[in-house]
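*Asks:* Predicted model, plus sequence, below.
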Amino acid sequence: MQPTSASGGVQNDLFTTTSHSPSITELVGYERAGDIVDFCFIANPYFPTPEMMQELQRQLPSLIKHYPSSCQATAARALAEMLGVDHRDLIVGNGATELIVLANDVLVDGIGVPVPTFGEYVEKLRDPAKARLYPLRPDLDYQLDLGDYLAWGKRNSLGALLVINPGNPTGQLHSLDEMAEFLDAARDRDLIVVDESFLDFACDRGSSVMPIADRYPNLLVIQSLSKHYGVPGLRLGFCYSRNRAMLDGLRQLLPTWNLNVMAEYFLALLPANRAAYKRSLGRVARDVAVLRKELNDIPGLFAYPTGANFVLVRIENGMTAAELQAQLLDDHLMYVRDCSNKVGMDSHHIRVASQGRAADAGLIRALRTLFRAGPERPA
């Protein structure tokens, strides 16, 4: 299909209504959504397998006529088998955002938050003013120094601190040794939230703090499943802690049917597809390495190192992120994340999530065309 302008049907006003990005269906409608290559929303392009999708389709007529389980342990057991943990240490949520909101409401009064970051950790506090922001420095490529961050948190008497590993939108990956050193030094804090929503894309879980969580009763791990497993529409996430009293306090406040039946059935399919899932992560990691290299080969762009399935890109030719996003969408039917509305980030960064080698190659061709032509300025 030849690229044609999308501007006539794009709901551009949506970009000012949220700190996130509008979905493709919001922007252009359900019928045209399939025409857009979505590099904005982060999801594994190689999972679920075609066989899993066929099974979900086969079961759909029956599943949507039934309630999901009213027992939270049902979904937790299936996920625990996949993760190799005790289901009693898990809460499965309707996306990670449900659990972020719940933790913010129940466990957090004030919290330290490195910025730029995922906005829900600030916006969904009972009182957003209680979030103390720790600005990451542009001249240091927005990299988080865990030791300096913890010292800052203690100086400001913050009982709770957030670490996202790998970082969003930076992709910065901390090793397990770095995380363990941080957690050891933070034992005197009331709560440490470690968000590992992109960690599987590092190709193994070697940096996960879950295997050492029994050492830290103040630790709560949160992870989105939508991204790794490629099912953002099903809304799945979990939180994990070895502090069962803390989990029980959260669990009793969840709605009885917080998961939809398709999400619950998808979890049941995971253990039998473990090998395919691991293969998919390897493919993503290889694709991202190629994508970052080719982005860095384009004069006017700088692609940051990443441990996730996305790349943060700095635009160095004067074009703004909003301008580049609009040109890619209008002229090439490609949607990238404009990071301008992330607190702590300037107006010259986009985030690009790999969508498979062929789609990524198309984006690189489009960017080469745009950057050869130079920035276009609105009339």
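*Replies:* Received, thanks. Residues are numbered from 1 along each chain as shown.
*Asks:* Can you point out the buried residues in stretch 339-358?
*Replies:* Within stretch 339-358, the residues scored as buried using 16 or more other Cβ atoms under 10 Å are 339-342, 344-345, 348-356. All C-beta spots, glycine's among them, are computed from the backbone N, C-alpha and C.
*Asks:* pLDDT of it, averaged?
*Replies:* Taken as a whole, stretch 339-358 carries a mean pLDDT of 94.
*Asks:* Tell me which of the buried residues of stretch 339-358 fall in strands.
*Replies:* His349, Ile350, Arg351, Val352, Ala353 (DSSP state E).
*Asks:* Quick check: the farthest pair among the residues you listed?
*Replies:* For these, the farthest-apart pair by Cβ to Cβ is His349 and Ala353; their separation is 14.0 Å.
*Asks:* helix/strand/coil for the residue nearest to Ser21 when sequence neighbours are not counted?
*Replies:* Excluding the flanking residues, the one nearest Ser21 by Cβ to Cβ, 6 or more residues apart in numbering is Cys40, at 5.1 Å. Put simply, Cys40 is coil when judged by DSSP: H, G, I helix; E, B strand; the rest coil.
*Asks:* Tally up the residues packed near Cys40, please.
*Replies:* Other residues near Cys40 come to 25 when the count uses other Cβ atoms under 10 Å.
*Asks:* Run through the residues that contact it.
*Replies:* Counting by Cβ atoms under 8 Å, 6 or more residues apart in numbering, Cys40 touches Ser21, Ile24, Tyr335, Val336, Arg337, Arg351, Ala353.
*Asks:* Show only the entries of those residues found in helices.
*Replies:* Ile24 (DSSP state H).
*Asks:* Phe41 versus the closest residue to Pro169 other than its chain neighbours, what's the distance?
*Replies:* Nearest residue to Pro169, sequence neighbours excluded (Cβ to Cβ, 6+ apart): Arg351, at 4.6 Å. Applying Cβ to Cβ, to the nearest Å, the value for Arg351 to Phe41 is 10 Å.
*Asks:* again with Arg292
*Replies:* 19 Å.
*Asks:* mind listing the strands in this protein by residue range?
*Replies:* Counting by DSSP E, the strands of the chain are 37-38, 90-93, 111-115, 131-135, 160-164, 191-195, 219-224, 237-240, 301-303, 310-315, 334-335, 337-338, 349-353.
*Asks:* Domain ranges for this structure, per the record?
*Replies:* Split into domains by automatic domain parsing, the chain comes to 7-48+275-373, 50-273.
*Asks:* Next, Arg235: phi, psi?
*Replies:* Note on Arg235: its backbone torsions stand at phi 60, psi 90 [degrees, to the nearest 10].
*Asks:* measure it to Phe266 for me?
*Replies:* 11 Å.
*Asks:* what's the answer for Met246, then?
*Replies:* 27 Å.
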